[in-house]
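1. I'll drop the sequence and a predicted model, then ask my questions.
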Amino acid sequence: MPPKRAPGASALAVRLATDADADAIRAIYNREVVGSTVTFDLVPRERDEQVAWLAAHDGAHPATVATTAGGEVVGFGSLSPWRDRPAYSTSVEDSVYVRDDQRGQGVGRVLLVDLVERATAHGFHAVFARVVGGHEASIALHVKLGFEVAGVEREVGRKFGRWLDVVVMERILSEGSGLAADLPSARTRLLT
């Protein structure tokens, strides 16, 4: 399947991630591990760990990459199971990471719109996001795509010597209503 080109962001395409993307994804992710609180990982991933992560993200729980017209990976996203018990199987959690020199260019929006589209196509009912408290850009992006704050987990993480909150956001996907039904026009609005 060819990569999907994002309307209004013709230089970007989104496609399923492959093993060949492992190093680019790992570079983006590890920079966040060592330099920010957007992930609660404390140790950078090794290449074999990244390849294993990619192998675990297939089917209804894919990993995707945003690429430039020249094929350079500038961000990645994924859908993961929300929880491991069977009754949670209709819910997923999204993750979106953008290379630091590409922030503010629409990469995160392209990835998140694609993930919501994929979650809808796979028949999921709810998409969750867990965003570190204070990450206003990610919170605002999720709000633009119809997510609402479901709650705040207070001081559940500790990194760089400080306690961190997690903002839990949720988007209900239902056929014929809201963002899922209006996704093409929502994508156009967000990317123009």
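-> Arrived safely.

2. So which residues of the chain form strands?
-> Ranges of strands within the chain are 4-6, 9-16, 63-67, 73-81, 91-98, 126-132, 148-159, 162-172, based on DSSP state E.

3. For D114, which of those strands is the nearest?
-> strand 9-16 (4.4 Å; CB to CB). From N, CA and C alone the C-beta is placed, and that goes for glycine too.

4. Enumerate the positions of that closest one that are buried.
-> The neighbour-count check on strand 9-16 (16 or more other CB atoms under 10 Å) flags 9, 12-16 as buried.

5. and what of stretch 139-147?
-> Buried residues in stretch 139-147 (16+ other CB under 10 Å): 139, 141-142, 145-147.

6. Now that V149 has come up, it's in contact with V167, right?
-> Yes. The criterion here is CB atoms under 8 Å, and V149 meets it with V167 at 6.0 Å.

7. Torsion angles phi and psi at the residue lying farthest from the centre of the chain?
-> Distance to the chain centre peaks in the chain at G161, reaching 26.2 Å (criterion: CA atoms, centre = their mean). Backbone torsions for G161, taken as degrees, to the nearest 10, come to phi 80, psi 20.

8. ok so, going back, just say which of the strands of the chain is most tucked in.
-> Among these, the stretch with the highest mean neighbour count (mean count of other CB atoms under 10 Å) is strand 63-67, at a mean of 24.

9. average pLDDT across it?
-> Computed over strand 63-67, the mean pLDDT rounds to 98.

10. ok, now stretch 136-147?
-> In this model, stretch 136-147 carries a mean pLDDT of 97.

11. Output it as PDB, nothing but the C-alphas.
-> What follows is stretch 136-147, C-alpha atoms only, in PDB (Å, rounded to 0.1, in the frame of the first residue of the first chain):
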ATOM      1  CA  GLU A 136       0.600  21.900  26.200                       C
ATOM      2  CA  ALA A 137       1.300  21.300  22.500                       C
ATOM      3  CA  SER A 138       0.400  17.600  22.700                       C
ATOM      4  CA  ILE A 139      -2.700  18.400  24.800                       C
ATOM      5  CA  ALA A 140      -3.800  21.000  22.300                       C
ATOM      6  CA  LEU A 141      -3.300  18.700  19.400                       C
ATOM      7  CA  HIS A 142      -5.400  16.000  21.000                       C
ATOM      8  CA  VAL A 143      -8.200  18.500  21.800                       C
ATOM      9  CA  LYS A 144      -8.200  19.700  18.100                       C
ATOM     10  CA  LEU A 145      -8.900  16.000  17.200                       C
ATOM     11  CA  GLY A 146     -11.800  15.600  19.500                       C
ATOM     12  CA  PHE A 147     -10.100  14.200  22.600                       C
END
